[in-house]
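# Sequence and predicted structure below; questions after.
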Amino acid sequence: MGLATVTSHVAALPEPVSFGDRDFTSGCTLQVHGLAPRHEGVILADLVPQLQAFPNPKTWSVRMRRASLKLPEPDADLLRRELQPMLRTRTAVLGQYAL
């Protein structure tokens, strides 16, 4: 989990990128501002009732299966506030993430 800014349009990738058992066919470039240590970060399920992006809290995980999800500004602000204290530099924690 981390904080980043999207710096390009989302576009089809020439070849899918796989993370775990999922393949992603579209992507974008990011400016990474920080990462939380692996297995740490915001527990999104706890915040779902407060997030506008998930109007039906019972089905929120379905929306998360999309490759990208644009967040309303109040949602982004809430997640940023919750995540900020956990962030470290990318170089400090990147080795914890299996590529």
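That came through, no problem.
# And the pLDDT for Gly41?
For Gly41, the pLDDT comes out at 87.
# Please identify which helix or strand holds it.
Using DSSP states H and E, Gly41 sits within no helix or strand.
# Equivalent analysis for the one 5 residues further on, please.
Element membership of Asp46, judged by DSSP H and E, is helix 44-47.
# pLDDT weak spots in the protein?
65-67, 98-99 (pLDDT under 70).
# need the strands for it, in chain order.
For the chain, the strands defined by DSSP state E cover 2-6, 11-19, 22-27, 30-35.
# Next, the buried residues of the longest one.
Yep, that's strand 11-19 we're talking about. The neighbour-count check on strand 11-19 (16 or more other CB atoms under 10 Å) flags nothing as buried. Using the backbone N, CA and C atoms, a C-beta is placed for each residue, glycine as well.
# That strand - contacts with which helices or strands?
Contacts defined by 3 or more CB pairs under 8 Å, 6 or more residues apart in numbering; DSSP states H and E place strand 11-19 against strand 22-27.
# ok, back up a step: now the helix holding Asp46 - C-alpha only, PDB.
Presented in PDB, the C-alpha positions along helix 44-47 are these (Å, rounded to 0.1, in the frame of the first residue of the first chain):
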ATOM      1  CA  LEU A  44      -9.800  -0.300   3.800                       C
ATOM      2  CA  ALA A  45     -12.700  -2.500   4.900                       C
ATOM      3  CA  ASP A  46     -12.900  -0.500   8.100                       C
ATOM      4  CA  LEU A  47     -13.200   2.800   6.100                       C
END
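# for the protein, what's the longest helix?
Criterion DSSP state H: the longest helix present in the chain is helix 73-83.
# Looking at the strands of the chain, spot the one closest to Met64.
For Met64, the closest of these is strand 22-27, at 11.4 Å, according to CB to CB.
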